[in-house]
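1. give the three-dimensional model of this entry:
(chains A and B)
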Amino acid sequence: MLSIVAVCAIFSYTLVFAKRLPKQFSFKEEKALSEWEEKIFKGRVLYVVEDGKLGRYLSAYSKESASGIFYKIKFDPKKEPMVSWKWKVVKFPEKKSMRSESDWIEKDDYAARFYVIFPRLAFNLTKSLEYVWDEDIPEGTVMTSPYFKNIKIIVIESGKKNLGKWVSEERNVYEDYKLAFGRNPGEAGAIAIMTDTDNSLSTAEAHYDEVKVGYKDGE
Amino acid sequence: MIGSPAQTRLLVLIFFAAVVPAGIVTLCLYYLIFNMMAWQIGIPEAVAYNLIPVARKVNLIIAVALPISLVIIWLLALELSHKLLGPIVRLEKDLDERISSKKSGPIKLREKDVLRPIVDKINQLLYKAGP
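-> Numbering: from 1, shown residues only, chains lettered A, B, ... in the order given. The predicted structure follows:
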């Protein structure tokens, strides 16, 4: 009897609190950021909803800092592999020229990042895909983060040709994960957005909008 | 020193009864604490920068402390097995001496011995059986 009650309670909880897919974030309201969690790494990046010519969007301004906004959402990349968003870089971080391999961590600043996080039972097995817009690194580059081998960085926009312009991105997380890690992904557990300049000790600004998570290709 | 196969069995039983639950609880707490901290930190680079070095230090401490802890638990289990099995061994020795007629009369035990109720009954049997 007790087990039936427990199963019913879990089922009801799932029905009430499960996040429906696809999940969309339009940042059209000032309260839009309230459903995101702020995560601070080094210093605080200013994330605010701003008004533009085409409506509201999320603005991120970083000054020698690194913090992100984080949203927990479960989706199965095998069933709903697509994520999309719009972003605009206003200013790139000023990275110093790389002197040696050990300086690589000093270059780990990006004007705009979009994360998909794949949590595991053991925290050290958690894997992350990071889509970045970098000034110098060629588009299509897949790198391992200088911080940890389970963080893979995919450069999907490069250079200043689109500086100050909105650019739409749509990625197949399933395929990107296989490309980056060489295996099939498990369930995704969170997404995050970050603009950071903590390593280059400079400033950067980027805007984000129309984030959509967990849908089938062509939907 | 291990005196008999029964003590070996009891020693192993006590040792694993202490080590297995402790190991399970430690493992659960280890991952619970680190996983909750990882979720709280959130940003993967921040997790890698702050949490992974701490986990490595904790792992190193566990690697050093675990063998020492196991030896201590083994010694405690040995002591406990002596305490639990000692009265039975003494009782067996007393009974053997009476069977071989080396000794006669009731078996004597300490006042607070755990086997006292059983030994009292054995003494009644010995009394009924006669010399």
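2. all helices of chain A, in order?
-> Counting by DSSP state H, chain A has helices at residues A:2-17, A:173-181.
3. same for the last one, what does it pack against?
-> Pointing back at helix A:173-181 there. Packing partners of helix A:173-181 (3 or more Cβ pairs under 8 Å, 6 or more residues apart in numbering or on different chains; DSSP states H and E): strand A:127-134, strand A:151-158. Using the backbone N, CA and C atoms, a C-beta is placed for each residue, glycine as well.
4. mind putting those in TSV, distance to A:Phe75, mean neighbour count and mean pLDDT included?
-> Output for these, formatted as TSV (distance: least, Cβ to Cβ, whole Å; neighbours: other Cβ atoms under 10 Å in any protein chain shown; pLDDT from 0 to 100):
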stretch	distance to A:Phe75	mean neighbour count	mean pLDDT
strand A:127-134	13	24	97
strand A:151-158	18	20	97
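5. would you turn those into JSON lines with distance to B:Leu29?
-> Shown next, in JSON lines, are the helices and strands packed on helix A:173-181 (distance: least, Cβ to Cβ, whole Å):
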{"stretch": "strand A:127-134", "distance to B:Leu29": "24"}
{"stretch": "strand A:151-158", "distance to B:Leu29": "26"}
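6. of all these, which one is nearest chain B?
-> Nearest to chain B among these is strand A:127-134; the distance by Cβ to the nearest Cβ comes to 4.0 Å.
7. what about that closest one and chain B, any contact?
-> Yes: residues of strand A:127-134 contacting chain B under Cβ under 8 Å from any Cβ of the partner chain: A:128, A:130.
8. list the contacts of that strand.
-> The contact list for strand A:127-134 (Cβ atoms under 8 Å, 6 or more residues apart in numbering or on different chains) reads A:87, A:89, A:92, A:110-118, A:120, A:145, A:150-158, A:167, A:169, A:171, A:173, A:176-177, A:180-181, A:185, A:206, B:44.
9. low-confidence ranges in chain A?
-> A:1-19, A:97-103 (pLDDT under 70).
10. any residues of it in contact with chain B? List them.
-> With Cβ under 8 Å from any Cβ as the criterion, chain A meets chain B at residues A:37, A:39-41, A:66-68, A:70, A:108, A:115, A:117, A:119, A:121-124, A:126, A:128, A:130, A:145, A:147-148, A:150-151, A:190, A:192, A:194.
11. give the buried subset of the residues you listed as a PyMOL selection command.
-> To isolate the buried subset of the residues of chain A next to chain B in PyMOL, counting by 16 or more other Cβ atoms under 10 Å in any protein chain shown, use the following:
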select buried, chain A and resi 37+39+41+66+67+68+70+108+115+117+119+123+124+126+128+130+145+147+148+150+151+190+192+194
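12. tell me where chain A has strands.
-> Secondary structure of chain A, counting by DSSP state E: strands at A:23-25, A:37-42, A:46-52, A:55-63, A:66-75, A:82-91, A:112-118, A:127-134, A:142-144, A:151-158, A:167-172, A:188-196, A:203-215.
13. how about the helices in chain B?
-> Taking DSSP H as the criterion, chain B carries its helices at B:5-41, B:44-46, B:52-99, B:116-129.
14. for stretch B:40-50, list the C-alpha coordinates in CSV.
-> Taking Å, rounded to 0.1, in the frame of the first residue of the first chain, the C-alpha atoms of stretch B:40-50 are listed here in CSV:
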residue,chain,number,x,y,z
GLN,B,40,25.8,24.5,-6.5
ILE,B,41,28.9,25.7,-8.3
GLY,B,42,27.3,25.0,-11.7
ILE,B,43,29.7,26.4,-14.3
PRO,B,44,31.9,23.4,-15.4
GLU,B,45,35.1,25.3,-15.4
ALA,B,46,34.4,26.5,-11.8
VAL,B,47,33.7,22.9,-10.8
ALA,B,48,36.9,21.7,-12.4
TYR,B,49,38.9,24.6,-10.9
ASN,B,50,37.5,24.5,-7.3
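15. buried set for that stretch?
-> B:41-49.
16. and the residue nearest to B:Leu70 when sequence neighbours are not counted, how many neighbours?
-> Residue nearest to B:Leu70 in three dimensions, not counting chain neighbours: B:Val19, with 7.0 Å by Cβ to Cβ, 6 or more residues apart in numbering or on different chains. When counting by other Cβ atoms under 10 Å in any protein chain shown, one arrives at 15 neighbours for B:Val19.
17. B:Ser81: which of the helices and strands packed on helix A:173-181 is closest?
-> Set against B:Ser81 and scored by Cβ to Cβ, the helices and strands packed on helix A:173-181 come closest in strand A:127-134, at 47.3 Å.
18. give the pairing partners of that closest one; include direction for each.
-> In the sheet, strand A:127-134 lines up against strand A:112-118 (antiparallel), strand A:151-158 (parallel) (DSSP bridges).
19. quick one: closest of those to B:Lys112.
-> strand A:112-118 (61.1 Å).
20. how about the closest one: buried residues?
-> Going by neighbour count (16+ other Cβ under 10 Å), the buried part of strand A:112-118 is A:112-118.
21. possible to save the residues you listed as TSV with distance to B:Val89?
-> Below are those laid out as TSV (distance: Cβ to Cβ, whole Å):
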residue	distance to B:Val89
A:Ala112	76
A:Arg113	70
A:Phe114	71
A:Tyr115	66
A:Val116	65
A:Ile117	60
A:Phe118	59
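22. was I right about A:Met82 contacting A:Glu170?
-> Yes: using Cβ atoms under 8 Å, A:Met82 is in contact with A:Glu170, at 6.3 Å.
23. more neighbours: which of those two?
-> More neighbours surround A:Met82 than the other of A:Met82 and A:Glu170, with 20 against 12 (other Cβ under 10 Å).
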